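Undergrad: coords please:
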Amino acid sequence: MPTTSKIIAALSGTPLRSISEATRRPQDGIPSDPGFYAWWCEPSAVPGGAITEPHPTEPFELLHVGIAPNSGTSKARLRSRLCGQHIGGNVGSSTFRFGLASLLWGSEGWQPCLSRGGKFALTPPDNNALSEWQRKNLRLRWAIEPDPWRCSLESAVIYEMRPPMNRDHNEHHPFYSAMGDARDRFRVAARAKGVC
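TA: Take a look at the predicted model:
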């Protein structure tokens, strides 16, 4: 089976891990290896008409696919990327969290703002609420791959899986423009609010 097919099979497999399952001790959860990850959500959990792909066997829909690390010089691995940035990090340090915040802030009543360093953010209580939303609505799969950035592997996986929140390598997706518009609205609201 070609590498792309193996990765997609792993990312589309079962069981889908809850965040509490995935963040247990390293031997029980997300590995400290390089590779791919896929975020799946409860159906219709994300407002805004995200055009999602259904999981082949579970009642979840694909939101986002990513890699860790994104180059041969990065020290990031699946566990550090997912636990350190995607689950509890700041909106400004995670494209995934920024995308989620951009789609959810209006319906959830969250306040976009700027961090002291000038990055886009949510107020601290709203950033915590985003993490809670993730725990409730999201599931996770991963696939170990030694060099996930090589040979256009990431773009091939994204093209085949069609995750609506990805903007890189995904210009053909019907949600591409709507995702960009949602991010732009978040940026405008954050600049209007200023530092939180």
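Undergrad: quick one: buried residues of stretch 120-133?
TA: Taking 16 or more other CB atoms under 10 Å as the basis for neighbour counts, the residues of stretch 120-133 that come out buried are 120-122, 126-127, 129-130, 133. Where you see a C-beta, it was placed from the backbone N, CA and C, and this is true even at glycine.
Undergrad: could I get these in a markdown table, plus columns for secondary structure and pLDDT?
TA: Below are the buried residues of stretch 120-133 laid out as a markdown table (DSSP: H, G, I helix; E, B strand; the rest coil; pLDDT from 0 to 100):
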| residue | secondary structure | pLDDT |
| --- | --- | --- |
| 120 | strand | 96 |
| 121 | strand | 96 |
| 122 | strand | 96 |
| 126 | helix | 97 |
| 127 | helix | 95 |
| 129 | helix | 96 |
| 130 | helix | 96 |
| 133 | helix | 96 |
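Undergrad: looking at the residues you listed, which is nearest residue 192?
TA: Sorting the buried residues of stretch 120-133 by how near they are to residue 192, with CB to CB, puts residue 120 at the top with 12.0 Å.
Undergrad: starting from the helix or strand of the chain with the lowest mean pLDDT, tell me the next helix or strand along the chain.
TA: Across the helices and strands of the chain, mean pLDDT, DSSP states H and E gives its lowest value to helix 19-22, namely a mean of 88. As assigned by DSSP states H and E, the chain's next helix or strand after helix 19-22 is strand 35-41.
Undergrad: now what about the next helix or strand after that following strand, what contacts it?
TA: Secondary structure here is assigned by DSSP H and E; on that basis, the next helix or strand after strand 35-41 toward the C-terminus is strand 53-54. Residues outside strand 53-54 that contact it (CB atoms under 8 Å, 6 or more residues apart in numbering) are 60-62, 161-164.
Undergrad: could you dump those to JSON lines with distance to residue 73?
TA: Rendered in JSON lines, the data for those read as follows (distance: CB to CB, whole Å):
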{"residue": "60", "distance to residue 73": "34"}
{"residue": "61", "distance to residue 73": "34"}
{"residue": "62", "distance to residue 73": "29"}
{"residue": "161", "distance to residue 73": "26"}
{"residue": "162", "distance to residue 73": "29"}
{"residue": "163", "distance to residue 73": "25"}
{"residue": "164", "distance to residue 73": "30"}
